[in-house]
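> quick one: sequence and predicted model below, then my questions.
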Amino acid sequence: MAFDYSRKLKDFVLIFITRIMRMFSYGMLAVIFIDNLKFKGLDEEETSYVQSGIVFGDVLISLYLTTRADRIGRINTLMLGALLKLITGIVYAESNNIFLLTISGIFGVISVSGGEIGPFMPI
C-alpha cells in the first residue's frame, strides 16, 4: 500500500489554513469583545456575568467534546465545535439580551482571552 502524499498535503494545508483563520478570529474577539458588549448597552456587572458564563461553558463543552472525540469521530467533533461557534457568533451579532448572550456564551466555543479553546486545540 503506497503512502498518498498528495492527500496528506491537502489535509495539512486545510488544517493549517483553518488554524490561521481561528487564531485571527480569536485575536479579533479579544480586542473587541468587551467594547461590543458595552455598545449593546450592557454595564460592567452584566458584562462580567457574560464573561463568567463563557469561561464556565468553555470548560464544560471542551471537556465534553474532547473526551468523546474518538467515539463521535474527530471530524464530527470539529464540525460540532464549529457549528456551536457559528451559532454563538450569530447570536452575539443579533442579540442585546443578556440571557441569550450568556446562554450562547456557555454553549458556544468562544474565548474571551483570544486564545485557542474548545475541541480545536487538543484534536
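That came through, no problem.
> for the chain, what spans make up the strands?
Using DSSP state E, the chain contains no strands.
> just give me the longest helix of it.
Across the chain, the longest stretch assigned as helix under DSSP state H is helix 5-39.
> show me how far that one is from its chain's centre.
Helix 5-39 has its C-alpha centroid displaced from the chain centroid by 10 Å (C-alpha atoms, centre = their mean, to the nearest Å).
> and if you look at stretch 55-70?
Offset of stretch 55-70 from its chain centre (C-alpha atoms, centre = their mean): 11 Å.
> before we move on, the earlier item: for the longest helix of the chain, which helices and strands make contact with it?
When contacts are defined as 3 or more C-beta pairs under 8 Å, 6 or more residues apart in numbering; DSSP states H and E, helix 5-39 sits against helix 44-67. Every C-beta, even on glycine, is put in place using the N, C-alpha and C of the backbone.
> how near is residue 82 to residue 99?
To residue 99, residue 82 is 24 Å away according to C-beta to C-beta, to the nearest Å.
> between those two, which has more neighbouring residues?
Between residue 82 and residue 99, counting by other C-beta atoms under 10 Å, residue 82 is the more crowded of the two (16 against 10).
> list the residues that contact that one.
Going by C-beta atoms under 8 Å, 6 or more residues apart in numbering, residue 82 touches residue 109.
> what distance do you get for residue 41 to residue 62?
30 Å.
> have a look at the two and say which one is more surrounded.
Remark: of residue 41 and residue 62, residue 62 carries more neighbours, 19 against 9, as counted by other C-beta under 10 Å.
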